[in-house]
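1. I'll drop the sequence and a predicted model, then ask my questions.
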Amino acid sequence: MDKYEHVGYLGKGSFGCVSKIKRKEDGRILVWKEINYGEMKEKEKQLLVNEVNILQKLKHTNIVRYYDRIIDAHQTKIYIIMEYCVGGDLGQLIQKCKSDRQPIEEEVIWRTLLQILSALHEIHNRKDGVILHRDLKPGNLFLDDRGNIKLGDFGLAKILTGGAQHAQTFVGTPHYMSPEQIYSKPYNDKSDVWSVGCLIYEMATFKPPFHEAVTHNQLYDKIKQGVYDPVPNYYSKDLSDVISKMMTLDNHKRPSVHDLLHTFAPLALRYKEKKI
Ligand SMILES: CNC(=O)c1c(C)[nH]c(/C=C2\C(=O)Nc3ccc(Cl)cc32)c1C
């Protein structure tokens, strides 16, 4: 613990709170996610061990970098030391633009989509086993000082190795729950794609595609019907098309991350060029 100086509280992650810290040896600003495992059931401890093992393997520009971990057995706490993202999380950006009534620029949405898909391509196509994030939402995507997106908080992620071809179902944030999860089918890589569709839709409309449901079952019925308000017409047809592709109800017909990167990466560049 004496390697780091606590600077300030930043927010809550899965299983624990996130703080800004300074590494004493070089003054580098990092974060730690502090988790108290004292009350955890075996299954939750396994998820925690999972998260650290997964994070240690991942080195990608659009995934928060893991640096270290400290186990304080006396306090039954683990501290996961990771990259600091000065821009905070995407949920804060959406909330600010919503309260300022300032639509997020289309180029920003395309750039965000490309970076999230690039991070998912990394974890979905690993040789040592497909990793599913399983909790993609604005609060789990972080912004660095150059507006780059970093996929973070692998608290619910799962490695599918060997026989375990499918993660167990019903894990994730209800708003972004996919139809296959509602039908108790296994969570799979296309379920992460569904969540990205919901997330990009929320960047464009400031609300999740399926909302205004009083109970979870009402929300699940809306998701199963797959009917949501159109994207505002100040965005291109290309954007609403790629959102509807990612929100294809049948996950077998839904494009994979690989498909999406190959079908519209040139498109996103067009929007990049359009800005000039
Ligand atoms: C109000 N909070 C913030 O502005 C904020 C900032 C500047 N950074 C963060 C969070 C993280 C951050 O900066 N790096 C992270 C790595 C992993 C996880 Cl789970 C979270 C973070 C937050 C929540």
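-> Yep, it's here.
2. phi first, then psi, for the residue in the stretch 51-200 of the chain that the ligand sits nearest to.
-> Across the stretch 51-200 of the chain, no residue is closer to the ligand than residue 88, which sits at 3.2 Å (Cβ to the nearest ligand atom). Just so you know, the C-beta spots here come from the backbone N, C-alpha and C atoms, and that holds for glycine as well. Note on residue 88: backbone dihedrals following degrees, to the nearest 10 are phi 70, psi -160.
3. going forward, the N-terminal residue is numbered 660.
-> Taking 660 as the first residue, the last one we looked at is residue 747.
4. what's the neighbour count on it?
-> As a burial measure, residue 747 scores 14 neighbours (other Cβ atoms under 10 Å).
5. what does the pLDDT read for it?
-> Per-residue confidence at residue 747 stands at 95 (pLDDT).
6. can you check the one 10 residues further on too?
-> Here, the pLDDT recorded for residue 757 equals 98.
7. now do the SS call for residue 666.
-> Here residue 666 is recorded as strand under DSSP: H, G, I helix; E, B strand; the rest coil.
8. find the nearest non-adjacent residue to it, please.
-> Leaving aside its chain neighbours, residue 666 sits nearest to residue 679 (4.3 Å; criterion: Cβ to Cβ, 6 or more residues apart in numbering).
9. around the ligand, which positions in the stretch 810-935 of the chain sit nearby?
-> By Cβ under 6 Å from any ligand atom, the residues of the stretch 810-935 of the chain that approach the ligand are 811-812.
10. I'd say residue 687 and residue 679 touch.
-> No: judged on Cβ atoms under 8 Å, residue 687 makes no contact with residue 679 at a distance of 11.4 Å.
11. so these two - more neighbours on which side?
-> residue 679 (16 against 13).
12. could you please name the strands the host helix or strand of the more buried one pairs with and the direction of each pair?
-> Element membership for residue 679 (DSSP states H and E) is strand 675-682. For strand 675-682, the paired strands and their directions (DSSP bridges) are strand 663-671 (antiparallel), strand 688-695 (antiparallel).
13. of all those, which lies closest to residue 897?
-> strand 663-671 (33.7 Å; Cβ to Cβ).
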